[in-house]
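Participant: Turn this into a structure:
(one chain, ligands or ions: 1)
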Amino acid sequence: MARRTRTRFWDPSGNRYGIPTYPRKKIPPHLRTLRQLAAEGLRPGGQEPQAQVLWCSRLPGPPRVRAAYLYDVRFALPKRSRRTRTTPPKVNTSRRTCSECLTDVGYVLPRHLGVCLDCAEEAAA
Ligand SMILES: [Zn+2]
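Facilitator: As a prediction, the model looks like this:
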């Protein structure tokens, strides 16, 4: 019984579950969940999920199967760093400065508007 539980989610070929499936303790070393990628400063980088991990939730009540997608770390890309997000490069200030109210609005102006969102809204009103 215990043995059956251990192999229940073992399906590397994906025959049973549609995509390659592993139990939590048998995940191949090159596969990561989104959370694991993020912890390493990575993101999937446009790849489809390569596999999934299944496990039984330990919450009270009827047992529920939980799933998380797995991504290949070899195709992962570095996450955009937090530093870049909090201090945007100065080269962008002209693209962030509205020609209407002459304010650096802090975001790149939508090209189809040419002005900041506030001015565009005012113009539309
Ligand atoms: Zn404006």
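
Participant: so where's the protein uncertain?
Facilitator: Per-residue confidence of the chain (counting by pLDDT under 70) places the weak regions at 1-6, 81-92.

Participant: tell me which residues of the longest helix belonging to it are tucked away?
Facilitator: Ranked by residue count and defined by DSSP state H, the top helix of the chain is helix 117-124. By neighbour count, and taking 16 or more other CB atoms under 10 Å as the criterion, the buried residues in helix 117-124 are 119-120. Every C-beta, even on glycine, is put in place using the N, C-alpha and C of the backbone.

Participant: tell me which strands and helices that helix is in contact with?
Facilitator: Contacting helix 117-124 under the criterion 3 or more CB pairs under 8 Å, 6 or more residues apart in numbering; DSSP states H and E is no other helix or strand.

Participant: Only C-alpha atoms, please: export it in PDB.
Facilitator: Written as PDB, here are the backbone C-alpha positions of helix 117-124 (Å, rounded to 0.1, in the frame of the first residue of the first chain):
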ATOM      1  CA  LEU A 117      -2.500  58.700 -19.700                       C
ATOM      2  CA  ASP A 118      -3.900  61.600 -17.700                       C
ATOM      3  CA  CYS A 119      -3.700  64.000 -20.700                       C
ATOM      4  CA  ALA A 120      -5.000  61.300 -23.000                       C
ATOM      5  CA  GLU A 121      -8.000  60.900 -20.700                       C
ATOM      6  CA  GLU A 122      -8.600  64.600 -20.500                       C
ATOM      7  CA  ALA A 123      -8.400  64.900 -24.300                       C
ATOM      8  CA  ALA A 124     -10.900  62.100 -24.700                       C
END
